[in-house]
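Colleague: coords please:
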Amino acid sequence: IRGTLSVVTDDVTTAGLSFRKRAFTDNRRSAFDYIDVVTVTLTRTSGGVTLECRAPASPDWKEEEYLSVEFELTLPRETVLKVDAPKVHTIVEGPMAGVSVTGAEEGAEIIDVTGFTTITAKQSAIKLERVAGKIQAQLNGGSLDIEDVTSTTEIARIESEGAEIRIASFKGELDLNAES
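Modeller: Numbering: from 1, shown residues only. Coordinates of the predicted model:
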């Protein structure tokens, strides 16, 4: 499954989700079959809300065929979000209390977070804008753009192996470990 997760905050008390599923295949019948096997659930948990999207791996699928799901998730302001979706481009626009994105392979844009931001990425473009608090980023290739970022609680830590890093505006202390 590939796709986009767009997260916004609003003056709401519950999470809201809309999504669109698309199949990319050369066979119309397969497209309907593939779309039918994708399940999307949004459930309340003790720690908040869990969004899960699943599709069974099928030996019938050709290598160039894939499913795309475009999610639009609306959350209450100042919530904490954890994302583990390597094949999904993640766009988060707060205000959020904290954001954690693990294994971002398709890129991520994190905007307006005040508590903490943690991100691990592989060969993708990452953007942090209007982010403050505890900041940790670990990149393997790709790029990292930092704009209007403030490390307020402790030293911001960025580890990079082969990533291009651009810092437009940063306040606070930064521990940057970059290897090419």
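Colleague: so Ser6 is in contact with Val88, correct?
Modeller: No - using Cβ atoms under 8 Å, Ser6 is not in contact with Val88, being 10.2 Å away. Bear in mind the C-beta positions are built from the backbone N, C-alpha and C, glycine included.
Colleague: what packs against the one helix or strand Arg166 maps to?
Modeller: Using DSSP states H and E, the element containing Arg166 is strand 164-167. For strand 164-167, the elements it packs on are strand 143-151, judged by 3 or more Cβ pairs under 8 Å, 6 or more residues apart in numbering; DSSP states H and E.
Colleague: ok, the strand it packs on: who's next to it in the sheet?
Modeller: Strand pairing for strand 143-151, determined by DSSP bridges: strand 125-140 (parallel), strand 164-167 (parallel), strand 170-171 (parallel).
Colleague: which of these sits most buried?
Modeller: Highest mean neighbour count among these (mean count of other Cβ atoms under 10 Å): strand 125-140, with a mean of 20.
Colleague: ok, and what's touching it?
Modeller: 98, 104, 107-123, 142-154, 156-163 (Cβ atoms under 8 Å, 6 or more residues apart in numbering).
Colleague: if you set the cut-off to 7 Å instead, what comes out?
Modeller: 104, 107-123, 142-154, 156-163 (Cβ atoms under 7 Å, 6 or more residues apart in numbering).
Colleague: just the buried residues of stretch 170-180, please?
Modeller: By 16 or more other Cβ atoms under 10 Å, the buried positions in stretch 170-180 come out as Phe170.
Colleague: tell me which of Ser6 and Val88 has more neighbours.
Modeller: Val88 (25 against 16; other Cβ atoms under 10 Å).
Colleague: surely the more buried one and Phe19 touch.
Modeller: No - the pair Val88 and Phe19 fails to qualify as a contact (Cβ atoms under 7 Å) at a distance of 11.2 Å.
Colleague: picking up where we left off before, need the strands paired with strand 143-151 in a markdown table (columns: mean pLDDT).
Modeller: Output for those, formatted as a markdown table (pLDDT from 0 to 100):
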| stretch | mean pLDDT |
| --- | --- |
| strand 125-140 | 96 |
| strand 164-167 | 95 |
| strand 170-171 | 96 |
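Colleague: can I take it that Thr4 is in a helix?
Modeller: No - using DSSP: H, G, I helix; E, B strand; the rest coil, the secondary structure at Thr4 is strand, not a helix.
Colleague: beta-bridge partners for it, please?
Modeller: In beta-bridge terms (that is, DSSP bridges), Thr4 pairs with Glu70, His89.
Colleague: which residues sit in contact with it?
Modeller: Residues near Thr4 by Cβ under 7 Å, 6+ apart: 70-71, 88-89, 91.
Colleague: can you pull the pLDDT of it?
Modeller: Looking at Thr4, its pLDDT is 94.
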